[in-house]
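A.B. asks: let's see this in three dimensions:
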Amino acid sequence: MKVLHLIGGGDVGGAKTHVLSLVAQLHKRLSDVVLVALRDGEFAEDAAKMGIPVEVVRTGNFFRDLSRVAEIAKSHGSDLIHVHGAKANLFGAVLRKRIKIPVVTTVHSDYRLDYLGNRIKQYTNGLLNTLSLRFLDSYIGVTDNFADMLISRGFDPYHIHVIYNGLDFDQIPKPSMTRDEYLTSLGIPHDENTVICSLAARFHPVKDIGTVIRAVAKIKDTCPELKLILGGDGEEGEYLRQLAVELGVSDRVFFAGWVKEMDNLLEATDIGLLSSLSESFPYSVLEAVRSKCTMVTSAVGGMPVLIDHGANGMLFTPQDVDALASHLEYLCKHPDVRRDMAEKLYEKASTRYSISHMVSCQCEIYERVLETYQADQGKPRQITICGSYGQGNAGDDAILKALIGEFAEIAPDARITVMSRNPKKTRVSYRVRAIYTFNPFRMAASFLRSQLYINGGGSLIQDVTSSRSLYFYLFTIIAAKILHCPVMMYGCGIGPVSKPFNRRFAAYVIDRVADTITLRDPGSLSELQKMNVSKPKMILAADPTFSLPSADETVVKSALFSEGINDDIPRIAFAIRKWKGEDKLDLFARAADLVYEKFGLTATLIPMEYERDLPVAREIQSRMKTPSTVIGEKHSVFAVIGILSRMKLIVGMRLHALVFGAGQGVPIIGISYDDKVTRFMEYIGEEFCLPYETVTAEGILSCVEKVLAAPTQMEEAMKNIRIAEKENRRAAKEILDRE
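C.D. replies: Alright, predicted model coming up:
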């Protein structure tokens, strides 16, 4: 593969480090890589010193420069051009049609903030860059946050990739001074108990260094051993010095100027800091991690990916002075925790964020860029998915996550469009295309392009919620069929469909329109048969979410830490919703109290549909007399599965709390407000399912007692269900292969 890298040539800091280290390693691996700089200077000189083939193009005439870059690409035989920075983006946008090879750019920052504070450049260079980005083929965000930013601004998810900065962790830091010598050189009074925090950055508003000084001031009395070193300079230098004086911490905050030998600063540092309002995945943080500093950073850019809060470092919301101060105070008082976190973060970063890993990732991205470019020249396969998506329900989110994962496996070249109540959120969360559920024109256009329409999963064919929702989903499968798009009802639940007309109408449509139906439980298959549906191919499968794993151990621990949950305390989960306006919350509060008093299990109340269930969980907690915890943050589906896996037992009205628990081998007790709960419990052979209408606190306690006395026997049933779940994807692949 031949790659031409194009860059403005005036880059400094993290962007310069990223490009030079990446191109140098790619040159070794791919052999045929060339770097073109659009100006002479330090960047081009450093590239040449590293053995990178570099050519400087700067004639003083934009069009001549453009032609020269095109000539270099042609003579080089480049397969693609990789541009970096605003000027290179402009060249790439103009060259793209002329050279007829893909142009990919790396987005190193939020392009809307690049010229913050300089109005002239903001409305010239910034505007040109914003426009240029719209005319490139593919985009590489240096964090997931930047990828999400691009998607939220309307860039096609199928042209966006992610790479994280990588550092050579085999390169051992070589400070020229000891800690004592360095601190003495800066005039910092210190002894063996002194705790040094440091932050090296441009003194620029986006770095928000004032928040760090304010946090140090908040704990100056409780942590007299804490000292802060600020390395750098810039437009806010005088302001920051004055702020330290005003807050009475000029004897705690030391300005080191530009730090030429970072190893000396890091050798002296106990706690590394990042306080930026916006960030990518800065090398300064990786360098601090390599030197085994404990990290406390704002939750921006790739920091939440690198740092598992409370497990291997600390995160705080940007500008949250109180949270930062609290973290610093805690780490000052717990040196053993500091050292443990630093070791764990080093272990994670040296494995996942090494230079070799970054280069391998970049090569894979190039392959995908070329594949996407070639596919776009033809007619890539399209799939439309419709369900109850975009409403914040963890169960529906899990279904969509599972569907997308399964189609990535059986049709990796396909483009997925999801019909969602919140298309922007769905695009960002799942990296797929999305349209508003109730936009008939976008729906029709999507069906016309698609080779498969997926109706499901979940219980869409039911009239308990309302007849309107049933009619809408039936309308979608009719519309898909009229527009010659094959219809598959995927891993779905059927019923209850209670009203006579609704049953006849649903049976008539499904029987004549659906091509294939996979059912998530035997009761749904039986219901279709009772409705006299016989023409479509019907297969007993399982809920697609059985294929979803728990999040990594560190992610789960971070989620538990953020909720203040001690993992050593035995817990029982309650996943409760309100139903038909009835207030049975006293009943569940009493049940949780009884379980705690008899078995010592602390209730953990988990909102599965966050916005609706969180108030319910908090209300139950308010009515309890014994200790309890409410999961108050909205976590990823995988983290929720991980949290549930830590429970001794789960009591659930929400179906997917039971599905997730069963998938993790946790004993479950169902509270059946809907046939789907009863059917699921029957499918996995679990007997403890209480009807919502007659449930009592004592009944729940009795079930808990029986479950704890007799270990669950559902392991074999779960094994068979996981096998059955594969029928969903097999049936979908069969349809796609015919088209």
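A.B. asks: now stretch 502-515: buried residues?
C.D. replies: Buried residues in stretch 502-515, counting neighbours by 16 or more other C-beta atoms under 10 Å, are found at 502-503, 505-507, 509-510, 513-515. All C-beta atoms are positioned from the backbone trio N, CA, C, and that covers glycine.
A.B. asks: residue 540 reaches residue 724, doesn't it?
C.D. replies: Yes. Between residue 540 and residue 724 there is a contact under C-beta atoms under 8 Å: 6.5 Å.
A.B. asks: higher neighbour count, the two?
C.D. replies: residue 724 (21 against 15; other C-beta atoms under 10 Å).
A.B. asks: mind listing what the more buried one touches?
C.D. replies: By C-beta atoms under 8 Å, 6 or more residues apart in numbering, the contact set of residue 724 is 540-542.
A.B. asks: residue 186 now?
C.D. replies: Contacts of residue 186 (C-beta under 8 Å, 6+ apart): 229, 254, 256.
A.B. asks: helix, strand, or coil at the closest residue in space to residue 126 that isn't next to it in sequence?
C.D. replies: Closest residue to residue 126 apart from its sequence neighbours, by C-beta to C-beta, 6 or more residues apart in numbering: residue 115 at 4.6 Å. Look at residue 115: counting by DSSP: H, G, I helix; E, B strand; the rest coil, its state is coil.
A.B. asks: for residue 73, see how far away residue 115 is.
C.D. replies: Going from residue 115 to residue 73 by C-beta to C-beta, to the nearest Å gives 29 Å.
A.B. asks: who has more neighbours out of those two?
C.D. replies: residue 73 (23 against 18).
A.B. asks: CA atoms only for the helix or strand where that one lies, dumped as PDB, please.
C.D. replies: Element membership of residue 73 [criterion: DSSP states H and E] is helix 62-76. Only the C-alpha atoms of helix 62-76 are listed here, as PDB (Å, rounded to 0.1, in the frame of the first residue of the first chain):
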ATOM      1  CA  PHE A  62      -1.600  28.000  -4.200                       C
ATOM      2  CA  PHE A  63      -2.500  26.500  -7.600                       C
ATOM      3  CA  ARG A  64       1.100  25.700  -8.400                       C
ATOM      4  CA  ASP A  65       1.500  24.000  -5.000                       C
ATOM      5  CA  LEU A  66      -1.700  22.100  -5.700                       C
ATOM      6  CA  SER A  67      -0.400  20.900  -9.000                       C
ATOM      7  CA  ARG A  68       2.900  19.900  -7.500                       C
ATOM      8  CA  VAL A  69       1.200  17.800  -4.800                       C
ATOM      9  CA  ALA A  70      -0.900  16.100  -7.500                       C
ATOM     10  CA  GLU A  71       2.200  15.300  -9.500                       C
ATOM     11  CA  ILE A  72       3.900  13.800  -6.500                       C
ATOM     12  CA  ALA A  73       0.900  11.600  -5.700                       C
ATOM     13  CA  LYS A  74       0.700  10.500  -9.400                       C
ATOM     14  CA  SER A  75       4.500   9.700  -9.600                       C
ATOM     15  CA  HIS A  76       4.400   8.000  -6.200                       C
END
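A.B. asks: what helices or strands is the following helix or strand past that helix leaning on?
C.D. replies: Remark: after helix 62-76, the chain's next helix or strand is strand 80-84, criterion DSSP H and E. Under the contact definition 3 or more C-beta pairs under 8 Å, 6 or more residues apart in numbering; DSSP states H and E, strand 80-84 sits against strand 3-7, helix 86-99, strand 103-107, helix 355-377.
A.B. asks: sec struct for the nearest residue to residue 365 once chain neighbours are set aside, please.
C.D. replies: Distances taken as C-beta to C-beta, 6+ apart place residue 161 nearest to residue 365, at 4.6 Å, with adjacent residues excluded. Following three-state DSSP, residue 161 is assigned to strand.
A.B. asks: okay, now the sheet partners of the lengthiest strand in the chain, with direction.
C.D. replies: Using DSSP state E to define each element, the chain has its longest strand at strand 452-461. Applying DSSP bridges, strand 452-461 is found paired with strand 382-386 (parallel), strand 487-494 (parallel).
A.B. asks: which one of these has the most crowded surroundings?
C.D. replies: strand 487-494 (a mean of 28; mean count of other C-beta atoms under 10 Å).
A.B. asks: how far off centre is that one?
C.D. replies: A distance of 27 Å separates the centroid of the chain from that of strand 487-494, by C-alpha atoms, centre = their mean, to the nearest Å.
A.B. asks: contacts for the next helix or strand after it?
C.D. replies: Per DSSP H and E, the first helix or strand lying C-terminal to strand 487-494 is helix 500-513. With contacts defined as C-beta under 8 Å, 6+ apart, helix 500-513 is touched by 461, 463, 467, 470-471, 474, 477-478, 480-481, 487, 489, 497, 517, 528, 531-536.
A.B. asks: what's the end-to-end length of stretch 243-252?
C.D. replies: Using C-alpha to C-alpha, to the nearest Å, the end-to-end distance of stretch 243-252 comes to 12 Å.
A.B. asks: how about it: buried residues?
C.D. replies: Quick answer for stretch 243-252 (16+ other C-beta under 10 Å): 243-244, 247, 249, 252.
A.B. asks: same question, stretch 394-412
C.D. replies: For stretch 394-412, using 16+ other C-beta under 10 Å, the buried residues are 394-404, 406-407, 411.
A.B. asks: same deal with stretch 215-231?
C.D. replies: 215-219, 223, 226-231.
A.B. asks: among these, which lie within strands?
C.D. replies: Short answer: the buried residues of stretch 215-231 in strands (DSSP E) are 226-231.
A.B. asks: which one of those residues is nearest to residue 656?
C.D. replies: Relative to residue 656, the closest of those is residue 226; by C-beta to C-beta it sits at 45.5 Å.
A.B. asks: hang on, isn't that closest one packed against residue 252?
C.D. replies: Yes. Here residue 226 reaches residue 252: they are 6.7 Å apart, a contact under C-beta under 8 Å.
A.B. asks: overlap of the contact sets of these two?
C.D. replies: 216, 220.
A.B. asks: what packs against the helix or strand residue 285 falls within?
C.D. replies: Assessed by DSSP H and E, residue 285 sits inside helix 283-290. Secondary-structure packing of helix 283-290 (3+ C-beta pairs under 8 Å, 6+ apart): helix 13-30, helix 262-268, strand 271-274, strand 294-298, helix 303-306, helix 335-352.
A.B. asks: identify the residues contacting the nearest residue to residue 476 once chain neighbours are set aside.
C.D. replies: Nearest non-adjacent residue to residue 476, counting by C-beta to C-beta, 6+ apart: residue 386, 5.4 Å away. With contacts defined as C-beta under 8 Å, 6+ apart, residue 386 is in contact with 418-419, 437, 453-455, 473, 476.
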